[in-house]
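J.: Provide a 3D model corresponding to the input given below.
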Amino acid sequence: WDTGSYVRYFNNQGYHTEGSHSCYNSFYNRLNINRYLGFSDYWYRENHYEELIGNLPDPWLSDRVVIPEVTKQFLRLASTSPVFSFNVTMQGHGPYSTGEYVYDDSYWDGSGYSDIASHVLNNYLGSVHETAALLWDTVEMLRQSKEPVVLLVYGDHKPWLGDDNVVYRELGVDLNPGTWTGFTNYYSTTYLLWANEAAEQMLGHELSGEGPAVSPGFLMKLVFDQLGWQGDRYMQLSNQVYQLTPIMHTGGYYWEDKAFTKVPGEAVKTALQRLSWLEYYRDRYFTAPGSP
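T.: Have a look, this model is predicted:
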């Protein structure tokens, strides 16, 4: 999703905008990019996590450290001002060990499959189990908060399951992006949108049920819908695109008129062209705080 538009929007609404990623700030040039996106503060390995690594075996920091740390930071900031916090963890990212079991518990018996498949899947599922438990602890803390909190959690891509998708192939998973089944198997991940009781009381409704399938660029649109917010004109134009095609992919795939297609209609083409013009104007003429 267009992080910069939302960061600047929240800045203009008086929010403190911050986030965290325990990798080096040079990774994807995040140090400069996040500054131009408009974040007030952002933690990296260099300016925060280095001192927490110590003698830990994981140089990138597991979620056992990162999730409690960002939760504590969010609650501290939220006690004095509204906060928009965007955090990226690394634990669930592959590759996973193909030759040993990293976690004590077995999550899949692997009967009839190769040792590589058994190791990879057990290590992946062990990581998911640990992260889910940590997120549950965070939710319980946010549940007790008197401040309204809305939480969005999602993964940015499918898990690595062996070089050349060897474990996927062994499991018989269709990864042909030219079909809807293969496309969703290859690219889709789940997301969770949750609100604590204070937020639901303020909104006057619960956040429950199953959400629609959308491209990542429209996840914050779903949040704004639940909050009853329209956002700025860019977000409103983006919403017009969403109404026509809620799923778009850089490979040229679209979901339009309840069908999977590589040939978008004229209405979709026109809406995307208008949005690209606005993006060009905004990127050319917007100057971030502290930039020339």
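
J.: what ranges do the helices span in the stretch 151-292 of the chain?
T.: 166-171, 180-187, 197-203, 219-227, 233-244, 266-285 (DSSP state H, counting those that start in this stretch).

J.: Those helices: which one's closest to residue 18?
T.: Among these, helix 219-227 comes nearest to residue 18, with 16.4 Å by C-beta to C-beta. Quick note: C-beta positions are derived from backbone N, CA and C, even for glycine.

J.: on contacts alone, who are the packing partners of that closest one?
T.: Taking 3 or more C-beta pairs under 8 Å, 6 or more residues apart in numbering; DSSP states H and E as contact, the helices and strands that helix 219-227 lies on are strand 150-154, strand 191-195, helix 233-244.

J.: picking up where we left off before, now tabulate the helices of the stretch 151-292 of the chain in TSV and tack on distance to residue 79.
T.: As requested, those are exported to TSV (distance: least, C-beta to C-beta, whole Å):
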stretch	distance to residue 79
helix 166-171	45
helix 180-187	39
helix 197-203	13
helix 219-227	21
helix 233-244	28
helix 266-285	33
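
J.: a markdown table for the helices and strands packed on helix 219-227, including mean pLDDT?
T.: As requested, the helices and strands packed on helix 219-227 are exported to a markdown table (pLDDT from 0 to 100):
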| stretch | mean pLDDT |
| --- | --- |
| strand 150-154 | 97 |
| strand 191-195 | 97 |
| helix 233-244 | 94 |
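
J.: give me the low-pLDDT residue ranges for the chain?
T.: Counting by pLDDT under 70, the chain has low-confidence residues at 1, 55-60, 285-292.

J.: just to revisit the earlier point, need the helices and strands packed on helix 219-227 in JSON lines with mean neighbour count and distance to residue 13, can you?
T.: Converted to JSON lines, those look like this (neighbours: other C-beta atoms under 10 Å; distance: least, C-beta to C-beta, whole Å):
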{"stretch": "strand 150-154", "mean neighbour count": "15", "distance to residue 13": "14"}
{"stretch": "strand 191-195", "mean neighbour count": "17", "distance to residue 13": "18"}
{"stretch": "helix 233-244", "mean neighbour count": "16", "distance to residue 13": "12"}
